[in-house]
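Participant: Predicted model, plus sequence, below.
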Amino acid sequence: MRYEVRGPLRDVLICHCVECRRWGGHSGAFAATSAEDLVTAGDQALRWIESPESTRKARRGFCAECGSSLFWQAAGAQRISIAAGSLDPPTGLRVAAHIYTHDAGDWDELPDDGLPRDPGASFDPRWS
Ligand SMILES: [Zn+2]
């Protein structure tokens with residue numbers, strides 16, 4: 001499936017939570033946009049699964065044809081997170097912060113990049 005974003009994208013958050021690790025094999029990298037600005041095509045291939053350990057009762061969307069991890073959305077949220085690796089370049093995005101750093105895998109050494117870190121993603125409403 002393909003999708004198009006018709007509104008502004010938030011910069012990328014690197015999520016080190018357990019579910020991102022399991023879903024993508026490592027930390028997750030997500031931009032975000034307003035759900036109404038996300039237009040999908042060929043979305044008979046779009047599948048949603050519950051994210052059972054999510055503190056925000058989220059769901060995750062992926063492409064059933066190619067297996068790509070695509071979306072994350074908290075229950076009732078107007079915003080939707082988009083796997084940054086699925087965006088066509090150039091995105092113009094930068095990494096803004098690391099979140100759920102307390103869940104990082106023991107091999108996952110956080111870079112000394114000077115970016116904000118939040119163990120629970122509670123610090124900035126722009127990043128919700
Ligand atoms: Zn995560």
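Facilitator: Alright, I've got the coordinates. Numbering: from 1, shown residues only.

Participant: Sheet-wise, list the partners of the helix or strand of the chain with the lowest mean pLDDT with their directions.
Facilitator: Across the helices and strands of the chain, mean confidence by mean pLDDT, DSSP states H and E is lowest for strand 117-118: a mean of 88. Strand 117-118 has the following sheet partners, assigned by DSSP bridges: strand 95-99 (parallel).

Participant: May I have the partner strand as CSV, with CA atoms only?
Facilitator: Taking C-alpha atoms only, strand 95-99 is exported to CSV below (Å, rounded to 0.1, in the frame of the first residue of the first chain):
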residue,chain,number,x,y,z
VAL,A,95,15.5,13.5,15.2
ALA,A,96,13.9,15.6,18.0
ALA,A,97,14.2,13.3,21.1
HIS,A,98,14.5,9.8,22.5
ILE,A,99,11.5,8.5,24.4
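
Participant: any residues touching that strand, and which ones?
Facilitator: Outside of strand 95-99, the residues that reach it under the criterion C-beta atoms under 8 Å, 6 or more residues apart in numbering are 10-17, 27, 29, 110, 113, 115-118, 120-121, 124, 127. Placement of C-beta: from N, CA and C, glycine included.

Participant: 10 Å - rerun?
Facilitator: Contacts to strand 95-99, defined as C-beta atoms under 10 Å, 6 or more residues apart in numbering, come from residues 10-17, 20, 27-31, 84, 104, 108, 110-111, 113, 115-124, 126-127.

Participant: Okay, buried residues for that strand please.
Facilitator: Applying a neighbour-count criterion of 16 or more other C-beta atoms under 10 Å, the buried positions in strand 95-99 are A96, A97, H98, I99.
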